[in-house]
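Trainee: Just need the structure, nothing else, for what follows:
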Amino acid sequence: MAYLQKLFFAAVLAGVLGGFFASALNIPVAVPMILQAEVYEHTAEHAQAGENGAHEHPEMSAFARNTLTAIGTTLAYVGFAFMMTVLAELNGSLMSWRSGLAWGAAGYLVFSLVPALGLPPELPGMPAADLLQRQIWWIACAACTAGAILSAANYRHPLALIAAAVLAAMPFLIGAPGASETEALVPIALHHQFVISTLAANLGAWLAMGLSLGIMRSPRRMKLLAIRS
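Mentor: From the prediction side, this is the model:
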């Protein structure tokens, strides 16, 4: 029971740390870009509707918006940390800070970088495909990427590596869902900056989460837990 409690609290702490890093990096950088994109979107909507048809959007205070963003981000990373902990227990390879960094990098590839190659992070006012289609493709891409990484890491046979490469490429061979509209209401340069900053923040958060989880799951700390219990 003590061991399970240790794993539980390690996952919670690592997830909170990852969420803190993601929030600390995204809120001052990415959130202003989102607000700027909303200005472009609202301006275009007002121009299309005409002055008489323009309507005001309710505004949320910066504190409330940032607080909700931090809470949502932290909860997401806690979920990721639990998922990483379960997979690590099944695989038995997350036992040091080095392996923690490796798991964090793998999580970044699975849930951030590789899906972003087909569906990059979006700003308000960007053309987008149907939400359900995007969700299905994103989940399939994450699952295929995770399967490819696990296969390549656990099996060194050339056929296994080929199968991993094919599995990772399958979502892109099928193709990510495309938007029916092509005209964006925000500058392309702003979108590029948003994608780069978001991916960079996610990388830092995943590495911090994996590193902390690897340190807390080290045999030395587990041995100390066994002695105390």
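Trainee: Now do the same contact list for T74.
Mentor: G15, V16, G19, F20, S23 (Cβ atoms under 8 Å, 6 or more residues apart in numbering). Backbone N, C-alpha and C define where each C-beta goes, glycine included.
Trainee: So which helix or strand of the protein has the lowest pLDDT on average?
Mentor: Least confident helix or strand of the chain, by mean pLDDT, DSSP states H and E, is helix 219-228 with a mean of 56.
Trainee: Can you list the buried residues in stretch 65-72?
Mentor: Neighbour-count burial for stretch 65-72, with 16 or more other Cβ atoms under 10 Å as criterion, is recorded at N66, T69, A70.
Trainee: The first one - nearest residue in space that isn't next to it in sequence?
Mentor: On the basis of Cβ to Cβ, 6 or more residues apart in numbering, the spatially nearest residue to N66 that is not a chain neighbour turns out to be I27, at 5.2 Å.
Trainee: The one you found contacts A70, correct?
Mentor: Yes: I27 is within contact range of A70, at 7.0 Å (criterion: Cβ atoms under 8 Å).
Trainee: For the residue nearest to N66, give me phi and psi.
Mentor: phi -60, psi -50 (degrees, to the nearest 10).
Trainee: Contact partners for it?
Mentor: N66, T69, A70.
Trainee: how close does it sit to T69?
Mentor: 6 Å (Cβ to Cβ, to the nearest Å).
Trainee: Repeat that for A76.
Mentor: The separation that A76 has from T69, given Cβ to Cβ, amounts to 11 Å.
Trainee: List the buried residues in the helix or strand containing Q133.
Mentor: Assigned by DSSP states H and E, Q133 belongs to helix 131-154. Neighbour counts using 16+ other Cβ under 10 Å place 134, 137-138, 141-142, 144-152 of helix 131-154 among the buried residues.
Trainee: Would you reformat those as a markdown table and include pLDDT and distance to A208?
Mentor: Converted to a markdown table, the buried residues of helix 131-154 look like this (pLDDT from 0 to 100; distance: Cβ to Cβ, whole Å):
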| residue | pLDDT | distance to A208 |
| --- | --- | --- |
| R134 | 94 | 28 |
| W137 | 96 | 28 |
| W138 | 96 | 23 |
| C141 | 97 | 24 |
| A142 | 96 | 20 |
| C144 | 96 | 26 |
| T145 | 96 | 21 |
| A146 | 94 | 20 |
| G147 | 93 | 25 |
| A148 | 95 | 24 |
| I149 | 93 | 20 |
| L150 | 90 | 22 |
| S151 | 89 | 27 |
| A152 | 89 | 24 |
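Trainee: In terms of distance to R98, which of those residues ranks first?
Mentor: Lowest distance from R98 to the buried residues of helix 131-154 (Cβ to Cβ) belongs to I149, with 16.5 Å.
Trainee: Give me the pLDDT for G53.
Mentor: Model confidence at G53, given as pLDDT, is 47.
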